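Q: pasting the structure only:
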């Protein structure tokens, strides 16, 4: 696939715009499911990846959302329980800006990493 460059006001914005557009193109080309909402948003769902460890989460899928009205592109991972319901979200990107964030709600590991020695649990 040919790489397309998009124009932005400065170098930092240019990187974000290119990342945003590549993420959207990848989602459009590789999604297994697409949902369109009445407000014009489109969500592209990648194939679910099964969890490697037993527990409340059976697996997760990468989701990219494109808002045709605002031009915003967001991406996150949705984690699913064994009934197929979403039980956790992990934000990944907003308009080409990568997000380094915890899961919502936080995982056990994330909660434990916040505990400081000597503090009551």
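A: Nice, I can see it. Here the structure is a predicted model, which is why all the values come from computation and not from measurement. Numbering: from 1, shown residues only.
Q: what sits up against the lowest-mean-pLDDT helix or strand in the chain?
A: Using mean pLDDT, DSSP states H and E, helix 108-114 stands out as the lowest-scoring helix or strand of the chain, at a mean of 80. Outside helix 108-114, the residues that touch it by CB atoms under 8 Å, 6 or more residues apart in numbering are 102-103. Where you see a C-beta, it was placed from the backbone N, CA and C, and this is true even at glycine.
Q: where along the chain do the strands fall?
A: Using DSSP state E, the strands assigned to the chain run over residues 33-36, 41-45, 49-50, 59-67, 73-80, 86-94, 97-98.
Q: which secondary structure elements does the longest helix anywhere in the chain contact?
A: The residue-count maximum for a helix in the chain (DSSP state H) belongs to helix 11-30. Packed against helix 11-30 by the contact rule (3 or more CB pairs under 8 Å, 6 or more residues apart in numbering; DSSP states H and E) you find strand 59-67, strand 73-80, strand 86-94, strand 97-98.
Q: what lies in contact with the first one?
A: Surrounding strand 59-67, the residues in contact under the criterion CB under 8 Å, 6+ apart are 23-24, 26-27, 31, 39-51, 72-80, 88, 90, 92.
Q: among those, name the buried ones.
A: Among the contacts of strand 59-67, those scoring as buried are 23-24, 26-27, 31, 41-46, 48, 73-80, 88, 90, 92 (criterion: 16 or more other CB atoms under 10 Å).
Q: show me what the spatially most central residue of the chain is bridged to.
A: Residue closest to the average C-alpha location in the chain (CA atoms, centre = their mean): residue 76, at 1.3 Å. According to DSSP bridges, the residues that bridge with residue 76 are residue 63, residue 91.
Q: what's the distance between the residue lying closest to residue 32 once chain neighbours are set aside and residue 113?
A: Excluding its sequence neighbours, the residue lying closest to residue 32 (CB to CB, 6 or more residues apart in numbering) is residue 47, at 5.0 Å. Residue 47 is 30 Å from residue 113, where distance means CB to CB, to the nearest Å.
Q: what of residue 26?
A: From residue 26 to residue 113 the distance is 31 Å (CB to CB).
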